[in-house]
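Enquirer: Give me a model of this one.
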Amino acid sequence: MRPLGKPHKGPDVEPNVLCLCPNCHVRLDIGAIVIDDEWSIIVRAGALGGNLRPKLKRHRKHKIHLDYIRYHREWWLSRVGPDAE
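Expert: Numbers count the residues shown, from 1 in each chain. The predicted structure follows:
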């Protein structure tokens with residue numbers, strides 16, 4: 001969620017990792033989708049949604065940290081702006 005390396009400097013830890021299909025991985029990487037604090041998947045304006053779940057399906061043992069979800073969302077909102085949602 002928070003990429004490794006510059007400029008993000010995200011940690012390589014399990015709470016910063018999502019397992020996604022290749023299509024959703026690309027959507028997330030380019031900011032076409034973001035995830036809100038209630039784990040809902042938000043398709044941003046101009047992005048193709050197609051076959052997305054309304055909420056992120058999570059395994060009970062995989063503890064994704066909300067800080068990384070927020071970082072990803074805020075990064076893309078700062079790049080494109082809130083009106084792109």
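Enquirer: max-length helix in this protein?
Expert: helix 66-80 (DSSP state H).
Enquirer: Could you give the average pLDDT over that one?
Expert: Averaging pLDDT along helix 66-80 gives 91.
Enquirer: ok, the residue lying closest to residue 79 once chain neighbours are set aside to residue 16 distance?
Expert: Leaving aside its chain neighbours, residue 79 sits nearest to residue 31 (6.6 Å; criterion: C-beta to C-beta, 6 or more residues apart in numbering). C-beta here means a position set from N, CA and C on the backbone, and glycine is covered the same way. The gap separating residue 31 from residue 16 is 17 Å, by C-beta to C-beta, to the nearest Å.
Enquirer: How about residue 41?
Expert: 18 Å.
Enquirer: Likewise for residue 34?
Expert: As judged by C-beta to C-beta, residue 34 and residue 16 stand 15 Å apart.
Enquirer: Show me which of these two is the more surrounded one.
Expert: More neighbours surround residue 34 than the other of residue 34 and residue 16, with 22 against 19 (other C-beta atoms under 10 Å).
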